[in-house]
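Undergrad: Predicted model and sequence follow; I will ask about them next.
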Amino acid sequence: MWMTCVSFQLMLATFNARKRPRNVQGQTLWPASFHILSMFPDCANPIHRPHSHPLFLSLLLQKLTQFDYLGLRLDLKMNMKAAVASILEKANKGHSLALAVPDSLRYDKLHSNPTFCSSPVEMLNLWKSCVLPHFLLYLHYISAASQVQILQTTLNRSLSTTLHFYGHPTALLADTSIPPLYITQNLQLAQFRFSLHSSPPDTVQHFLWNLGQPLLQVVPLYTLEDRMQTAICHVDPARRDPASPLPHNISLAKLLNKEKSFKKYLESQCSDQWRKHLELTLSNPPGRVRAYVH
C-alpha cells in the first residue's frame, strides 16, 4: 500500500515535469507523450497510430486522477474522499440488492417464498451479507472523523430502511449487535498494530515497524501510525507500549493463533467502549435504549 502511494506520487511528478519544454542545442523541444506499443495492431482503428510504425499499435497513456488498488480507490491528494465515495456507491448497490431479493422471492413463480420478508432475522442476515461488508472492509484507511460520520449516517439509514425501523439509531444498532463504526475502526487499527509488531523479524513489515517506532513523536496527525497509537490508547491503554506484557491467555496461545486470540481480547475491550458510548449518548432521562447499558 505504501509503495503504491509513493509510485503514484512519483508518476504524477514525472508527468508534471514533462509539461515543461527543454532547450536542446538552442531549440525548444517539448517532451513526447507516453505511449504503449502493442504487438497486435488494430487495422480498424488507424487513429490510434500517431506515428508511422507499421507493426505496432500505439495507445496514448492518459493522466489518472484516481485508481483502484485492491478495491480501495485512491486519489491524487490521498484524502480518501474518492474512497468514501466508492464505499457509499457500493453500499447503495448492496442496499438495492438487499431490498430486491425479498420482492423477487415473493413474486417468483418457481422459487416463491412469501414469508421471507416477514422474518427480521432473515432480512438482517441478508443486509449483513450485502451491505455491511462495504462499510467495514477499508474502514481503517479512513482518517477523517467527518468521513467516518458520513459512513455511519448512511449505514444507519440503510439499516433502518431494510428493517423498517425509524426510531433511535443507537437502539437499532444495539438491537442488531452492530457497534458504531469508530469503535470497529479502533479495533481494526489496534489489531493491525499488533500484526505489525508480532510479525517475524525477517519480514518487511517488521522492518518498517522498527523503522517507524523512533518517529512516533514527530509523525503528523492522522497518519496511519498516529491513528494506530491513538486506537490502542482507546481500546487497550495497558498495551500502549509495545513491550508491555500480553494477557495470560494470549501468551499461552500458539504462535499462529496469537493474532486471533488478541482480536477476541480486543472485542471484549471494545464492548466496554461501546458501553461507555451508550452511557454518554443516553445519559439523559432513561428510556428504551438505556436498558442496553445495564
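TA: Received, thanks.

Undergrad: When you work out contacts or count neighbours from here on, use the C-alpha atoms and nothing else.
TA: Will do.

Undergrad: D68: helix or strand, and which one exactly?
TA: Under the criterion of DSSP states H and E, D68 resides in strand 66-69.

Undergrad: So what touches the following helix or strand past that strand?
TA: Sequence-wise, the next helix or strand downstream of strand 66-69 (DSSP H and E) is strand 72-75. Strand 72-75 is touched from outside by T65, Q66, F67, D68, M80, K81, A82, A83, S86, Y138, with contacts defined as Cα atoms under 8 Å, 6 or more residues apart in numbering.

Undergrad: List only buried entries from the residues you listed.
TA: For those, a burial check counting by 16 or more other Cα atoms under 10 Å picks out M80, K81, A82, A83, S86, Y138.

Undergrad: In contact with the fifth one, which residues?
TA: Same thing as S86. Contacts of S86 (Cα under 8 Å, 6+ apart): R73.

Undergrad: got the phi/psi numbers for it?
TA: The phi/psi pair for S86 (degrees, to the nearest 10) reads phi -70, psi -40.

Undergrad: please renumber so the chain begins at 6
TA: All right, first residue 6 from here; so that's S91.

Undergrad: which sections of the chain are below the confidence cut-off?
TA: Residues of the chain that meet the criterion pLDDT under 70 lie in 6-26, 35-65, 113-123, 287-299.

Undergrad: Please, where are all the helices along it?
TA: 7-22, 86-112, 125-135, 137-141, 150-168, 174-180, 186-202, 209-217, 229-240, 253-256, 263-286 (DSSP state H).

Undergrad: Find the pair from the contacts of strand 77-80 with maximum spatial separation.
TA: Spatially, the most separated pair among the contacts of strand 77-80 is T70 and Y143, at 19.9 Å (Cα to Cα).

Undergrad: what's the nearest residue to the residue positioned nearest the centre of the chain if we skip its chain neighbours?
TA: Nearest to the mean C-alpha position of the chain, counting by Cα atoms, centre = their mean, stands Y143 at 1.1 Å. Closest residue in space to Y143, ignoring its immediate chain neighbours: L77 at 7.1 Å, by Cα to Cα, 6 or more residues apart in numbering.

Undergrad: Count the residues that sit near that neighbour.
TA: 17 (other Cα atoms under 10 Å).

Undergrad: Repeat that for P185.
TA: 18.

Undergrad: ok, now H100?
TA: As a burial measure, H100 scores 22 neighbours (other Cα under 10 Å).

Undergrad: Quick check: it touching C135?
TA: Yes: the criterion here is Cα atoms under 8 Å, and H100 meets it with C135 at 6.8 Å.

Undergrad: list the contacts for the nearest residue in space to N191 that is not next to it in sequence?
TA: Closest residue in space to N191, ignoring its immediate chain neighbours: A236 at 4.7 Å, by Cα to Cα, 6+ apart. Residues near A236 by Cα under 8 Å, 6+ apart: N191, L192, L194, A195.
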